[in-house]
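K.L.:
Below is the sequence, then the predicted model.
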Amino acid sequence: MRGVNNTVRAAIFSAAISLLAACGGGHGGSSSSSSTPSGGVNLQVVSFGDSLSDVGTYAPIASAVGGGRFTTNPGQVWTQDVAQYYGGTLTAAYTIDFTQKLSPAGGFGYAEGGATVATPANQNDFLTEVIGNIEMPVNQQVSSYLSAHGSFNSNQLVLVWAGANDVLRAGALPAGATVVETAATTLAQVVAQIVASGATHVVVVNVPNIGLAPDGLAASDGGATLTQESQLFNSTLNAGLQTQGIQSKVIQVDAYTWLNGIISNFKANGFSVSNTGQACDPSKTPDNTSLLCSPATYVTANADQTYMFADDLHPTTHLHTLFAQYVEQQIAASGLGH
């Protein structure tokens, strides 16, 4: 893994000390306004997953260099957009401090960058020089929520998107297939736990075609293995939801097919660069990660809107916006809101 250079690291940790005093934990929840939200119904969003959904777990440190989320900062990720659509806000459930320790922050955004479905953080080696080995896998995120809140309720919209990191770390086939299948089966079990704990509106997003991300295209096989493993994860997840008897009780969102379609029609969707480039300049962005990307490191001033990918894996602000709209459409199609 590329290390964060000493100058940047010093800036992060020195600035983080002063930032922490001003960055108190936010509180997610439904809007107190009596006006009808865009989605037509007020819902409190609760989110579980990885960097694709992380609303700011590492922001107290990353904001020292203008970062905060795994996108083209200061843009939002899709979970924040969806929360606003249904009349609320979404803030981090846990945030990190400069000692690389997670602490409760009061929000309902449990997704954390680097998280797998169930693999302990110390087996992942994800941005360890910046955040340490602290990210909670999704099964632990759900357990943490239940420990704090006891159950879910019918006024909540629970968003679950995980598995990408399991695919990325699975390794070559055929051995990697076991890792992928185990993760997908486990995720179905976690979703079943969410449903059994009172959630009535649960969105389950499958793994996008990781082979088509810049990271996949740069692989020696052009992303073929990552594409196969993405497909395997998704088919196993579908089977797992059926086995758990909950497929009809959740709203499934097909990110795999959606991303393929956006890439095929990227210009019609407002992009000038498809999956062949990244908005965050690798020579300017610390560790080449969108977590530490800011307007100062964009390749062009409007790269957050004209590029699909922020770094080699994560969506830009514009791509997150489009995905949030797609998710909202799928939720409406299920009969909830509009």
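P.N.:
That came through fine.
K.L.:
quick one: the helices in the stretch 201-338 of the chain?
P.N.:
In the stretch 201-338 of the chain, the helices defined using DSSP state H, counting those that start in this stretch lie at 214-217, 224-243, 255-264, 303-306, 317-333.
K.L.:
Indicate which one of those is closest to Ala192.
P.N.:
Taking C-beta to C-beta, helix 224-243 is the member of these nearest to Ala192, at 8.0 Å. Any C-beta I mention is one placed from the backbone N, CA and C, and that applies to glycine too.
K.L.:
and that closest one, how far out from the chain's middle?
P.N.:
The chain centroid and the centroid of helix 224-243 are separated by 18 Å, computed with C-alpha atoms, centre = their mean, to the nearest Å.
K.L.:
tell me the mean pLDDT over that helix?
P.N.:
Helix 224-243 shows a mean pLDDT of 98.
K.L.:
if we can go back for a sec, any idea which of the helices of the stretch 201-338 of the chain gets closest to Thr185?
P.N.:
The stretch from these with the least distance to Thr185 (C-beta to C-beta) is helix 224-243; that distance is 4.7 Å.
K.L.:
Between helix 255-264 and the closest one, find me the angle.
P.N.:
Here the directions of helix 224-243 and helix 255-264 differ by 140 degrees (axes from the mean of the first three to the mean of the last three C-alpha atoms, to 10 degrees).
K.L.:
Go through helix 224-243 and flag the buried ones.
P.N.:
The neighbour-count criterion (16 or more other C-beta atoms under 10 Å) identifies 225-234, 236-238, 240-241 as the buried residues of helix 224-243.
K.L.:
which one of those residues sits closest to Ser197?
P.N.:
Proximity of the buried residues of helix 224-243 to Ser197 was ranked by C-beta to C-beta; the top entry is Leu241 with 16.2 Å.
K.L.:
Just give the number of residues close to the spatially closest residue to that closest one that is not a sequence neighbour.
P.N.:
Excluding the flanking residues, the one nearest Leu241 by C-beta to C-beta, 6 or more residues apart in numbering is Gln247, at 4.3 Å. Around Gln247 there are 16 other residues, counting by other C-beta atoms under 10 Å.
K.L.:
got it, and Ala118?
P.N.:
If you count neighbours by other C-beta under 10 Å, Ala118 ends up with 17.
K.L.:
Enumerate every residue touching it.
P.N.:
The contact partners of Ala118, by C-beta atoms under 8 Å, 6 or more residues apart in numbering, come to Pro137, Val138, Asn139, Gln140, Ala183, Thr186, Val190.
K.L.:
The same query, at a cut-off of 6 Å, please.
P.N.:
By C-beta atoms under 6 Å, 6 or more residues apart in numbering, the contact list for Ala118 reads Pro137, Asn139, Thr186.
K.L.:
Show me where the stretch 51-200 of the chain has its helices.
P.N.:
Under DSSP H, counting those that start in this stretch, the stretch 51-200 of the chain gives helices at 59-62, 78-85, 128-131, 138-149, 164-168, 175-196.
K.L.:
Which strands and helices lie in contact with the fourth one?
P.N.:
Using 3 or more C-beta pairs under 6 Å, 6 or more residues apart in numbering; DSSP states H and E as the contact definition, the elements that helix 138-149 packs against are strand 44-49, helix 175-196.
K.L.:
got the contact list for that helix?
P.N.:
Outside of helix 138-149, the residues that reach it under the criterion C-beta under 6 Å, 6+ apart are Phe48, Tyr110, Ala115, Val117, Ala118, Ala162, Val190.
K.L.:
what's the spacing between the fourth one and Tyr86?
P.N.:
When you say that, I think you mean Val117. 26 Å (C-beta to C-beta, to the nearest Å).
K.L.:
Nearest spatial neighbour of Thr185, chain-adjacent residues omitted?
P.N.:
Going by C-beta to C-beta, 6+ apart, Thr185 has Gly240 as its nearest residue, at 4.7 Å.
K.L.:
My error: substitute Gln231 in the last question.
P.N.:
Nearest non-adjacent residue to Gln231, counting by C-beta to C-beta, 6+ apart: Tyr256, 7.4 Å away.
K.L.:
Output the lowest mean pLDDT helix or strand found in the chain.
P.N.:
Least confident helix or strand, the chain: strand 29-30 with a mean of 34, by mean pLDDT, DSSP states H and E.
K.L.:
ok, back up a step: in strands, which of the contacts of helix 138-149 appear?
P.N.:
Filtering the contacts of helix 138-149 for membership in strands, criterion DSSP state E, returns Phe48.
K.L.:
and the closest residue to Pro104 other than its chain neighbours, how many neighbours does it have?
P.N.:
For Pro104, ignoring the flanking residues on the chain, the nearest one in space by C-beta to C-beta, 6+ apart is Tyr94 at 6.0 Å. A total of 23 residues lie near Tyr94 under the criterion other C-beta under 10 Å.
K.L.:
Could you pull up the residues touching Tyr94?
P.N.:
With contacts defined as C-beta under 6 Å, 6+ apart, Tyr94 is in contact with Thr57, Leu102, Pro104, Ala105.
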